[in-house]
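J.: Starting from these lines, generate the structure:
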Amino acid sequence: MALNGNLLEKTVKVGLNVWKGFKTMSSAPKTPRIMKAIGTHNGVFHCDEALACFMLKQLPEYADAEIKRTRDQAILDACDIVVDVGAVYDHEKKRYDHHQRSFNQTLSTVLPDVAKNKHIKLSSAGLVYAHYGKDVISTIMEKKDHALSTDVIDVIFIALYDGLIEELDALDNGVPMYGGEPKYRINTHLGARVSKLNPSWNSTVKNDSDNLFYKAMELAGAEFTDKLVELVTVWWPARFIVKNAIKTRLITHESGAVIQLSDPCPWKEHLLQLEEELGMSNQIKFVIYPDSNGSWRVQGIPVQPDSFICRVFLHKDWMGLRDKQLSEVSNIPGCIFCHGNGFIGGNATKEGALLMATRSIKNETFADLI
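T.: Predicted coordinates for the structure are as follows:
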């Protein structure tokens, strides 16, 4: 269809205006995205600042942040957040150094309502964990399609500190492990593994220190993530089982001195921690649980998670006996074994395992036992 002159002129003008507008938009200068910066020191690196940087970069706010390794104060002052250098701890200013003489913060002083009896001086990893750890935990697990509720994060936060961060804090600050009872545990030797990534003192090979630091971050981050996932998927379900067993202990036996686990799982550490939390230390004497063969185990509660010294042992007359002989001596059908030192035994049935526990308790002469 032919266009008349006026319509053609209007069409051309509209087209020109659209083109001009498109040209203006496409050629308009874009506002450059401001990249945030995480500052830390250069030179020999350590596990605490490597892990601190890893944790920060898990957060959306710092995911794309550049890491600037320097001791130039002017550069550090321009960074959005600084860890392990600068001689300043100020959460509002996002400065997290722990080397200054005035610094004596622990997890319990930074988070008094969250952490009790955590008296190890914090490193930069501990400081970042104290202020951002719960968000880091939540972010990592959401990326793994495993969102956590607030109450679960609260428990995992302390467990992850105990199982990883505390070790790094103590070693970085030179805290001696012993002074009577151990003040902390060495669970990972992560600090030593990170330290080995530094060039040796007599290395003649030219190394890029920043690239080595990124490898340290990767190593520390993998350890942190693996430990977190283990706590969420293995440790937490076991804690749930143990806590439920404690809550239902009066159903298992009227004395409340025996608990029954619905499934075999790591229980010792959970039991001792939960007893303390619930204000009922030393009340439980035995645990019974099904084993993989369809029979049942009965085990004494240790005085410490890694100890074979129990609050109450199985009956001394049963120690080292098995099968028919054990059943005859104990007068309990279905006995399978009693360990030579009496810390664990087995029976074919739940009822038999429970009898092994309660009769062992009654055999004790201590006034606080049933």
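
J.: all contacts plus neighbour counts: C-alpha atoms, from now on.
T.: Will do.

J.: ok, residue 316 - how many residues close by?
T.: Residue 316 has 14 neighbouring residues, counting by other CA atoms under 10 Å.

J.: dump the residue contacts of it.
T.: Neighbouring residues of residue 316 by CA atoms under 8 Å, 6 or more residues apart in numbering: residue 342.

J.: pLDDT score for it?
T.: Listed pLDDT for residue 316 reads 95.

J.: Need the CA coordinates for stretch 66-82. PDB is fine.
T.: Provided in PDB are the C-alpha atoms of stretch 66-82 (Å, rounded to 0.1, in the frame of the first residue of the first chain):
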ATOM      1  CA  GLU A  66      39.200  -8.900  45.400                       C
ATOM      2  CA  ILE A  67      41.700 -10.100  48.000                       C
ATOM      3  CA  LYS A  68      44.500  -7.600  48.600                       C
ATOM      4  CA  ARG A  69      47.500  -9.000  50.400                       C
ATOM      5  CA  THR A  70      49.600  -6.100  51.600                       C
ATOM      6  CA  ARG A  71      50.900  -4.300  54.700                       C
ATOM      7  CA  ASP A  72      50.500  -0.900  53.100                       C
ATOM      8  CA  GLN A  73      48.200   0.900  55.500                       C
ATOM      9  CA  ALA A  74      46.800   3.200  52.800                       C
ATOM     10  CA  ILE A  75      45.700   0.200  50.700                       C
ATOM     11  CA  LEU A  76      44.300  -1.600  53.800                       C
ATOM     12  CA  ASP A  77      42.300   1.600  54.800                       C
ATOM     13  CA  ALA A  78      40.600   1.500  51.400                       C
ATOM     14  CA  CYS A  79      39.500  -2.100  51.800                       C
ATOM     15  CA  ASP A  80      35.900  -2.800  52.700                       C
ATOM     16  CA  ILE A  81      37.000  -5.400  55.300                       C
ATOM     17  CA  VAL A  82      40.400  -6.400  56.700                       C
END
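
J.: Could you list the buried residues of that stretch?
T.: Under the neighbour-count criterion of 16 or more other CA atoms under 10 Å, stretch 66-82 has 67-69, 76, 79-82 buried.

J.: what's the farthest-apart pair in the residues you listed?
T.: Greatest spatial distance among the buried residues of stretch 66-82 (CA to CA): 69 and 80, at 13.3 Å.

J.: So, low pLDDT: which residues of the stretch 1-150 of the chain?
T.: Scanning the stretch 1-150 of the chain for pLDDT under 70 picks out 1-33.

J.: quick one: the strands in it?
T.: Along the stretch 1-150 of the chain, counting by DSSP state E, counting those that start in this stretch, strands occupy 37-40, 66-69, 81-83, 89-90, 95-96.

J.: Let me have the ones you listed in TSV, adding distance to residue 287 as columns.
T.: Output for the strands of the stretch 1-150 of the chain, formatted as TSV (distance: least, CA to CA, whole Å):
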stretch	distance to residue 287
strand 37-40	49
strand 66-69	51
strand 81-83	46
strand 89-90	47
strand 95-96	45
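
J.: How many residues are close by residue 140?
T.: By the measure other CA under 10 Å, the count of residues near residue 140 is 18.

J.: need the contact list for it.
T.: By CA under 8 Å, 6+ apart, residue 140 lies in contact with 58, 225.

J.: One more pass at 7 Å, please.
T.: With contact set as CA atoms under 7 Å, 6 or more residues apart in numbering, residue 140 has no partners.

J.: For residue 254, which three-state class applies?
T.: Assigned with DSSP: H, G, I helix; E, B strand; the rest coil, residue 254 falls in the coil class.

J.: From residue 354, how far out is it?
T.: For residue 254, the distance to residue 354 (CA to CA, to the nearest Å) stands at 12 Å.

J.: cool, residue 177 as well?
T.: According to CA to CA, residue 177 stands 40 Å off from residue 354.

J.: Those two - which one has more neighbours?
T.: Comparing residue 177 with residue 354 by other CA under 10 Å, the one with more neighbours is residue 354, at 24 against 15.

J.: where does the more buried one land on pLDDT?
T.: You'll see residue 354 listed with a pLDDT of 97.

J.: Help me confirm that it is found in a helix?
T.: Yes - secondary structure of residue 354 (three-state DSSP): part of a helix.

J.: Give the closest residue to it in space, chain neighbours not counted.
T.: Setting aside the residues directly before and after it, residue 354 is nearest to residue 288 in space (CA to CA, 6 or more residues apart in numbering), at 6.9 Å.

J.: Please apply the same query to residue 147.
T.: The shortest distance from residue 147 to any non-neighbouring residue, by CA to CA, 6+ apart, is to residue 141 (5.8 Å).

J.: Please apply the same query to residue 172.
T.: In this structure, residue 172 finds its nearest non-sequential neighbour in residue 123, 6.5 Å apart by CA to CA, 6+ apart.

J.: List the contacts of that neighbour.
T.: Counting by CA under 7 Å, 6+ apart, residue 123 has contacts 48, 98, 169, 172-173.

J.: want to throw the residues you listed into CSV with distance to residue 191?
T.: Output for the contacts of residue 123, formatted as CSV (distance: CA to CA, whole Å):
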residue, distance to residue 191
48, 8
98, 17
169, 10
172, 8
173, 12
